[in-house]
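[1] Structure of the sequence below:
(one chain, ligands or ions: 1)
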Amino acid sequence: MSAVIEIDGLRKTFHTLRHGRRVAVDGFDLLVEAGQVHGFLGPNGSGKTTTLRALLGLVRADGGRMSVLGASSPDRLPEVAGRVGAIVESPQFFGNFTAHRTLRLLALAGGVPTARVDEVLEQVGLRDRGHERVRGYSLGMKQRLAVASALLKNPELLILDEPANGLDPAGIREMRDLMRSLSAAGVTVLLSSHILAEIQLICDHVTIISRGRRVAAGPVDEVLAGFDQHEFQVRVAEPERAAELLGALGLAVTAHPDHLRVAGVDDPELISRTLGEQGLWVHELVRLRPDLESVFLELTGDPPHPALPRQVDGSARPAAEPDDLAIDLDARDNREVEA
Ligand SMILES: Nc1ncnc2c1ncn2[C@@H]1O[C@H](COP(=O)(O)OP(=O)(O)OP(=O)(O)O)[C@@H](O)[C@H]1O
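    Numbers count the residues shown, from 1 in each chain. Below you'll find the predicted structure:
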C-alpha cells in the first residue's frame, strides 16, 4: 500500500506571553496509507490540531519531515492541494445562504464545475435539504455541509479535525455512515477525535497521540489486542468458592458485587469445566474485550473529557484562555508567536 500521509519527527513549540514555551508536538510520527479510514486520537491539548495544521502548511513546524500524496509539505503542497480536502479550521457559513448556494459559490471560486454541487449534496445526504437556509440547519447538517465543501474537488484524501465533535448520537451515526460511504468510494480519510467509541466504530487504523507524542499506532483491532487481558466475566451461584477454585489455578480473580472477573484465561472452557466439576454451574461467561477507552487511559494516563463543540458556523467556539485572549494567538490571523 502506498503512503498518503507521512509525518516523521514533527516538532512544534509555541511561545505564549504568560506561559512561555509550550511544546505542542514533540517528535511525532504518523503514517496513513491509501484506502485507510485513519483515526487520530488524543485528549484535548495533545497536539492533534497543531499536527494537522502543520501538515497542511497552516503553521510552520520547527522540525521533522512531512509529505502528503508523495509531495513534501509544506514546500510542494500546492502540487497536490487539488487532491486534498481538509476541514481543520472551522469553516464559517452565511446563515442566509442555502447549502446549494454556498457550495455553488465555493465551486465557482475553486474552479470546480458547478454540477459537482448536487453530487456532493447527495454524497453527504443533504440533497433534499440543499435549498434550505443554513441558519436552520442542525449542527450535524452543518458538519455535513462542511464535509460537502471539502468534497467539491473530488479529493483522494480527506482530512477532518473532530468531525463528530458536538454531535448528538443521531448526528454521530450520520457522520459514521458518511465516512464509510466515502471510504467505500476509495477516499482515504484521516479524522481526529477524542470520541473513542467513534474511532472504534468508524476507523480501521488508529494513531494515538499524548502530549505531542505518538503512543500507539496500527490497525484498531491490533492496537486493542495488545491490551487484551484475556479476561472473562463469570456469574456463578457460589462466587466465593468459585473464586477459590479459579484462584488455585493461578488465574487472577477479582470479586464484583454480582460477578467475578477472571483474567489470564486463554480458553473459557477452563472456567466452565473447573467449576462444573465441583458442581458449580456457570450461568454467564462473557469475554471482556478491551475498548479504546481503556487503552487510551492506559497509554495517556489522561481520561478524555468532552470538549466544547467546535461548531462549523463558529457560533459556539470554545472560550479562549485569558492569556491567549490577551495576545490573540489564533494562527489563522498569523499572529501567533512561534518558536
Ligand atoms: N496558537 C497557539 N498558541 C499557543 N499555544 C498553542 C497554540 N495552538 C495550540 N497551542 C497549544 O499546543 C498544545 C496542543 O494544542 P492542539 O490544539 O494541537 O491540541 P488538540 O489535540 O488539537 O486539542 P483539542 O482536542 O482540544 O483540539 C496545547 O497545549 C495548546 O494550548
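
[2] From here on, just use CA atoms for contacts and neighbour counts.
    Fine.

[3] Return the helix or strand in which Pro78 is found as PDB; C-alpha atoms alone will do.
    Counting by DSSP states H and E, the element that carries Pro78 is helix 77-80. Output of helix 77-80 as PDB, limited to C-alpha atoms (Å, rounded to 0.1, in the frame of the first residue of the first chain):
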ATOM      1  CA  LEU A  77       1.900  21.100  -1.100                       C
ATOM      2  CA  PRO A  78       0.500  23.300  -3.900                       C
ATOM      3  CA  GLU A  79       1.200  20.500  -6.300                       C
ATOM      4  CA  VAL A  80      -1.200  18.100  -4.600                       C
END
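
[4] Show residues contacting whichever helix or strand comes after that helix.
    Once the chain leaves helix 77-80, the next helix or strand it forms, by DSSP H and E, is strand 84-87. Strand 84-87 is contacted from outside by 146-147, 150-151, 153-161, using CA atoms under 8 Å, 6 or more residues apart in numbering.

[5] helices or strands next to the longest helix seen in the chain in the packing?
    Using DSSP state H, we find that the single longest helix of the chain is helix 169-184. Contacts defined by 3 or more CA pairs under 8 Å, 6 or more residues apart in numbering; DSSP states H and E place helix 169-184 against helix 139-151, helix 196-202.

[6] Can you flag the weakest of these by average pLDDT?
    For the helices and strands packed on helix 169-184, mean pLDDT drops lowest on helix 196-202, to a mean of 80.

[7] Mind checking what helix or strand follows that helix in sequence?
    strand 205-210.

[8] ok, which stretches of the stretch 201-339 of the chain are strands?
    205-210, 213-219, 231-236, 252-256, 259-263, 282-288 (DSSP state E, counting those that start in this stretch).

[9] Mind checking the ones you listed for the one nearest to Leu103?
    strand 205-210 (30.8 Å; CA to CA).

[10] which other residues reach the closest one?
    30, 36-43, 46-48, 199, 214-220, 223, 296, 299-300.

[11] for Arg65, what are its contacts?
    So Arg65 contacts Glu6, Ile7, Asp8, Gly9, Leu10, Ser72, Ser73 (CA under 8 Å, 6+ apart).

[12] For the fifth one, which residues are in contact?
    Residues in contact with Leu10 (CA under 8 Å, 6+ apart) are Val25, Asp26, Gly27, Phe28, Asp29, Thr51, Ala61, Asp62, Gly63, Gly64, Arg65, Met66.

[13] Among the residues you listed, the buried ones, what's the PyMOL command?
    If you want just the buried ones from these in PyMOL, going by 16 or more other CA atoms under 10 Å, the selection is:
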select buried, resi 25+26+27+28+29+51+61+62+65+66
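
[14] Might you specify the subset of the contacts of Leu10 located within strands?
    Residues of the contacts of Leu10 located in strands (DSSP state E): Val25, Asp26, Gly27, Phe28, Asp29, Gly63, Gly64, Arg65, Met66.

[15] So the fourth one is in contact with Gly9, correct?
    The reference is to Phe28. Yes - using CA atoms under 8 Å, Phe28 makes contact with Gly9 at a distance of 4.8 Å.

[16] So which residues on the stretch 1-150 of the chain come close to the ligand?
    Within the stretch 1-150 of the chain, the positions near the ligand by CA under 6 Å from any ligand atom are Phe14, Thr16, Ala24, Gly42, Pro43, Asn44, Gly45, Ser46, Gly47, Lys48, Thr49, Thr50.

[17] among the residues you listed, which are in helices?
    Lys48, Thr49, Thr50.

[18] what about the closest residue to Leu292 other than its chain neighbours, how many neighbours?
    Leaving out its chain neighbours, the residue that sits closest to Leu292 by CA to CA, 6 or more residues apart in numbering is Leu196, at 5.9 Å. Neighbours of Leu196 under the rule other CA atoms under 10 Å: 19.
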